[in-house]
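>>> only geometry, no sequence info:
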Ligand code: PMP
């Protein structure tokens, strides 16, 4: 197995040497933006496929722009660095890649300006996050999703994730798998690390960006499959909590969670309480796409190892 490698301060170095100092601004104040990219291992092809790395890099750049942070690499360079790092690490299992732009100055004082920014990238093996077969039992969190007027919700800001972490821990300590967060208006926003989709009368319904969701790449993938392959209508509108109780199906989408059916919300079974047929179909197609099995979707995957 190759030595675990990170990209840090402009070069590929052994992971064990990639360390930041305790005064680093990003560590003290959460002043960083990040991404999560999955590499999915295809056992029969002995190939590792990164899923939509370019879209993740584009979102990283948008997060950095919103937070007035400097990213001194082009998208092409970042996509290549990501690919090269995955190759150097040589994993033959599912992985998770974490790009980050962070305030690297060792300085005290709350602000975004007059500080240096740097970029880093690391990779770690990463199996299932939620049980995609059985589905997830969810609770509505007592923690509200932050509003765009507090911390930009469409940016993946590191410090923002304290909000999500509180919700996830509350859910798990109460015996649930995942939290569903309402926004400050009381509408469904999203999971602690997933977007939410509801199926009602055969229509796919999901909250609009204005409900303070992170505009998910997996969500966009699933909506596109639902529309093109399953011919299902898509509606983007605010969703009430009680609508989830009577939906035919609910599912969560995210880089970590893939496509996970939600089988229960606040102890109310969703539909039959088992993963529904549309969720299963979407999940099935999604897994084929991310493991490079579908010819029509090759543009969305980046095979790491030479064929
Ligand atoms: N919402 C939040 C809060 C997330 O952290 C994530 C994971 N990045 C998502 C939604 C899903 O986004 P994506 O499908 O792009 O991973």
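That came through, no problem. As the structure is a computational prediction, the values presented were derived from the model and not from experiment.

>>> mind listing the strands for the stretch 1-150 of the chain?
Remark: strands assigned in the stretch 1-150 of the chain by DSSP state E, counting those that start in this stretch are 5-8, 11-14, 32-34, 37-42, 47-51, 95-103, 117-125, 136-140.

>>> enumerate the residues of the stretch 101-250 of the chain near the ligand.
Selection of the stretch 101-250 of the chain residues close to the ligand by Cβ under 6 Å from any ligand atom yields 164, 190, 193, 194, 195, 214, 216, 217, 218, 219. For the C-beta atoms, the positions are set from N, CA and C on the backbone; glycine is no exception.

>>> got the residues you listed as CSV, with secondary structure and pLDDT columns?
CSV is the format used below for these (DSSP: H, G, I helix; E, B strand; the rest coil; pLDDT from 0 to 100):
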residue, secondary structure, pLDDT
164, helix, 98
190, strand, 98
193, coil, 98
194, coil, 98
195, strand, 98
214, coil, 98
216, coil, 98
217, helix, 98
218, helix, 98
219, helix, 98
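
>>> and residue 16, how many residues sit next to it?
10 (other Cβ atoms under 10 Å).

>>> can you check residue 4 too?
By the criterion of other Cβ under 10 Å, residue 4 has 17 neighbours.

>>> what are the phi and psi angles of it?
Dihedral pair for residue 4: phi -60, psi 130, per degrees, to the nearest 10.

>>> ok, it touching residue 12?
No: contact criterion Cβ atoms under 8 Å: residue 4 and residue 12 do not qualify, at 11.0 Å.

>>> quick check: which of the strands of the stretch 1-150 of the chain is nearest to residue 250?
strand 136-140 (8.1 Å; Cβ to Cβ).

>>> picking up where we left off before, looking at the strands of the stretch 1-150 of the chain, which is nearest to residue 184?
strand 136-140 (14.2 Å).

>>> roughly how far is stretch 279-287 from the heart of the chain?
17 Å (Cα atoms, centre = their mean, to the nearest Å).

>>> what of stretch 179-190?
The answer for stretch 179-190 is 17 Å, by Cα atoms, centre = their mean.

>>> list of residues touching it?
138-141, 143-145, 147, 163-164, 167-168, 170-171, 191-192, 196, 207, 211-214, 238-241, 243-244, 265 (Cβ atoms under 8 Å, 6 or more residues apart in numbering).

>>> can you select the buried ones from these in PyMOL?
If you want just the buried ones from the contacts of stretch 179-190 in PyMOL, going by 16 or more other Cβ atoms under 10 Å, the selection is:
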select buried, resi 138+139+140+141+143+144+145+163+164+167+168+170+171+191+192+196+207+211+212+213+214+238+239+243+244+265
